[in-house]
Structure formats: structure tokens, C-alpha cells
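1. Sequence first, predicted coordinates after that:
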Amino acid sequence: MITYHEEIVQGSDEWLSLRCGLLTASEMKLILTPTLKLASNDKERAHTYQLLAQRLTKYVEPSYSSDDMLRGKDEEIEARFLYSQTYAPVREVGFVTNDKFGFVVGYSPDGLIGEDGQLEVKSRSQKYQFETIIENAEQQTIPTDFVLQVQTGLLVTERKWCDFVSYCGGAHMLTVRVYPDLEIQERIVSAAAAFEKRIAEKIDKYHAIVKADNVRLLPTERKLYQEIRL
């Protein structure tokens, strides 16, 4: 079942709560390699324990927003506005989930277009923007780094296409239409299922350790600290 969380604002506490413990489109590259093989490295293991901890505690640890991330948020708004003025109206939605796989996968689209399309915007530094235009524009392809995210997004929403937008203020904005690739999506589902199985096994092991008589564990309380910026 596909669920659209229309009123949720991306980046808000409610959005973080919805994403808590879920495998999402933007993180699929951590469990599946660009060659569509199961990842087995430090990033995959770190992500396993990150989502495991979120599922056990129902808490998402705060992350730092760099200057590039803040610029990216502003440029996403600019790109969405330019796209809507040039191509088609864009409707914003906070989060989308799909549980048809036997587990839930989430996606935060940068916009929905009509009944069939969606938008994925990337804010790029100028060197990558010009590289993408030169290497991808004529072939109507997108950079390899973003293929898994876009295909997972299409898998979650089951929409017919996604317009991938590469944006850098001062350079041309590139739009490439991407369609579902069934082979890639099958690999995504398979990798996600294996990932979910690993998390479930580790959670079972954790609960067994907590109940063991020979392990010295004491419960603690979390203190929340507000970040102060000068």
C-alpha cells in the first residue's frame, strides 16, 4: 500500500519521526553498489546499526547542516519554481511510503507532477554541473550516483516517470526524464529484503543479550541538548 504524507514538511520533527528506522531511497546506495551487488563494507554496517538503533529507541540523532546543505535547500526551491514555470505545476509532499514488499520503504520526493510524474532535484557545485551537462545531457542519462535513489523513488510511488533536475545557480539547469528500470528495481527489492533480515537478526540478538544473566547492562535516560549557534 502506498501512503502519501501530504502535510508533513521535509526536515521537520514529524518528518524525522516518519523516517525513523526506515530504509529510504536516498540511503539505498549504502546497501547496494552501483554494479547492483550487495554492499558489504563499513558504510553498510554503520547504516545497519543506525536504523537498528532508531527502531529500538524511536529516536533520530540530530545531524549537522553544512553550508552546502543549506545552499542545496535554497537551490531546490529555486529549481522547483523554475521547473513549474517552464514545464508543469509541481505539488509538494513530505513523505511517501510503500509496504507491499513485506517491509516499508520510504521516499521524500522533491515534488509530484500530475498523476504520473515526480521530481528529484539535485543542487550541484559548478564543476559537477558542467560535467553532468557534458557527459549526460545528450544521452539523456543521469549520473550513476543518483540512479538507485531515483529508481527507488519510482519503486515506492509506482509512478510512470521522474524528472531528474540538476541545478547550479549561474549555470544551465538540466532536466532528464527517467523511467522505471525493472531489473534495477528487482535488485533494489532483493537487497532491501536481505538488509531487513540482517537488522531483524541483530535485534533478536540484542534482546537475547539484554536478558542474559552474565552481561552487566544498566538502563539509562536520554538527555536532549539544544544546539546553540553563535
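-> Thanks, I have it. Residues are numbered from 1 along each chain as shown.

2. okay, CA-based contacts and neighbour counts for the rest of this
-> Noted.

3. And the residue nearest the centre of the chain, how far from residue 10?
-> Residue closest to the mean C-alpha point of the chain, counted by C-alpha atoms, centre = their mean, is residue 26 at 2.3 Å. Going from residue 26 to residue 10 by C-alpha to C-alpha, to the nearest Å gives 13 Å.

4. do residue 117 as well
-> Distance, residue 117 to residue 10, by C-alpha to C-alpha: 19 Å.

5. out of these two, which sits in the busier spot?
-> residue 117 (20 against 16; other C-alpha atoms under 10 Å).

6. Quick check, that one in contact with residue 162.
-> Yes. Using C-alpha atoms under 8 Å, residue 117 is in contact with residue 162, at 5.5 Å.

7. Give the residues shared as contacts by those two.
-> Here residue 117 and residue 162 share no contacting residue, scored by C-alpha atoms under 8 Å, 6 or more residues apart in numbering.

8. Break down the protein into its helices, ranges please.
-> 13-19, 42-57, 67-86, 126-136, 147-157, 182-211 (DSSP state H).

9. Which positions within the longest one qualify as buried?
-> Neighbour-count burial for helix 182-211, with 16 or more other C-alpha atoms under 10 Å as criterion, is recorded at 184-185, 187-189, 191-192, 195-196, 199, 203.

10. what sits against the residue nearest to the centre of the chain?
-> 107, 148-149.

11. Most neighbours among these, which one?
-> Taking other C-alpha under 10 Å as the neighbour criterion, residue 107 ranks highest of these with 26 neighbours.

12. Which elements pack onto the helix or strand of the chain with the lowest mean pLDDT?
-> Ranking every helix and strand in the chain by mean pLDDT, DSSP states H and E puts helix 67-86 at the bottom, with a mean of 86. When contacts are defined as 3 or more C-alpha pairs under 8 Å, 6 or more residues apart in numbering; DSSP states H and E, helix 67-86 sits against strand 117-123, strand 161-167.

13. Next, residue 180: phi, psi?
-> Backbone torsions of residue 180, given as degrees, to the nearest 10, read phi -60, psi 140.

14. what is the closest residue to residue 178 other than its chain neighbours paired to in the beta sheet?
-> Spatial nearest neighbour of residue 178, excluding adjacent residues (C-alpha to C-alpha, 6 or more residues apart in numbering): residue 162 at 5.1 Å. Note on residue 162: beta-bridge partners residue 118, residue 178, judged by DSSP bridges.
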